[in-house]
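Trainee: predicted model and sequence below, questions to follow.
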Amino acid sequence: MRNALCRVVLATATFIIASPVFAASSPSDPLGSVMWDTLRDQYFAGAPVVFDDAVKVVAPAAAEDTRAVPISVDATALGRVVEMVAIADLNPFPLVLRYHPGTAAPYIATRIKIQQATAVRGAARTADGVWHVSGVLVDAAGGGCSAPPVSYAQKDWADHVGEVQARLWPAAEDGVARLRLRIRHPNDTGLVDGIPAYFVETLRVEAQTPRGSPELARIDSLEPVSENPVYSLDLRPPPDASALVLRGRDNQGGEIRATIPMPPPGARPAMSVKVIDPLRSIGQ
């Protein structure tokens, strides 16, 4: 009886000691999402997670168009950031994108699809392995992920897949240059019967220099990014860069390429449009 009692006391003591550690690694969600525990385990893989207002997530309180909801994630207050993610908790595909800023500032803006009212989050992983998470609630009537792309109603939509419009602002005193991209692509989620998923999945921005083409940033995007995706990035091109080069692929092997010339200091933003033959790019 005495030994059994000791075991009960020991087990109770162990639980009391261990429970604060568990709580510290599993903070309660300030947005109260029923999906938080599942998403934390799925996308942060047991890494330390903290809710941190230093990560600024901007999105409308109510979505006017659930197929193209503007969001931005700004983690510049954290300093060096290794990776960023955007998540829409209640979407059929919650993970929106992963952003690897490289030498770029840890900031990204885009437009996403939202299926229903949901928490929209941004997270940034610092060099110490900690994920810093913040977010906002977005009200929505719903259906943004399951609606067919408007592009399909245009007879020549396939002739324009891979078209890139890009605008590049001259670098500021801190060396940061704002790049804004728009890519013609259906970015179909595949949720409509009989239509396969068809979306841009990888984009890389490189600098064209006499020494080679170093990668400045990379985006791994997924189904929830809106049709004709738009991105804004704050890059740090090398001083001897003559242009930026965009390289990407969609999930069916289609290639995306564009060259954006670097504007001289004080000049107006440079603009470049590059059309890729979608049939050639997917080997048909």
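Mentor: Cool, got the structure. Numbers count the residues shown, from 1 in each chain.
Trainee: switch to C-alpha atoms for all contacts and neighbour counts from now on
Mentor: Fine.
Trainee: after the helix or strand bottoming out on mean pLDDT in the chain, which helix or strand is next?
Mentor: One helix or strand of the chain scores below all others by mean pLDDT, DSSP states H and E: helix 2-25, with a mean of 37. Per DSSP states H and E, helix 2-25 leads on to helix 36-44 as the next helix or strand towards the C-terminus.
Trainee: gap between that next one and the chain center?
Mentor: Averaging C-alpha positions (Cα atoms, centre = their mean, to the nearest Å) puts helix 36-44 16 Å from its chain's average.
Trainee: how deep is residue 34 tucked in, by neighbour count?
Mentor: Neighbour count of residue 34, defined by other Cα atoms under 10 Å: 12.
Trainee: sorry, slip of the keys, the one I care about is residue 128.
Mentor: 10.
Trainee: now residue 53
Mentor: Count around residue 53 with other Cα under 10 Å applied: 13.
Trainee: list the contacts for it?
Mentor: By Cα atoms under 8 Å, 6 or more residues apart in numbering, the contact set of residue 53 is 133-134.
Trainee: likewise residue 132?
Mentor: Contacts of residue 132 (Cα under 8 Å, 6+ apart): 49-52, 55, 123-126.
Trainee: most neighbours out of those, which is it?
Mentor: residue 124 (32 neighbours).
Trainee: with adjacent residues omitted, what lies nearest to that one?
Mentor: Using Cα to Cα, 6 or more residues apart in numbering and skipping the chain neighbours, the partner closest in space to residue 124 is residue 84 (4.4 Å).
Trainee: can you report phi and psi for the one you found?
Mentor: Per-residue torsions, residue 84: phi -130, psi 150 (degrees, to the nearest 10).
Trainee: could you report the neighbour count for it?
Mentor: 25.
Trainee: quick one, what contacts it?
Mentor: 98-101, 106, 122-125.
Trainee: which residues does it bridge with?
Mentor: residue 99, residue 124 (DSSP bridges).
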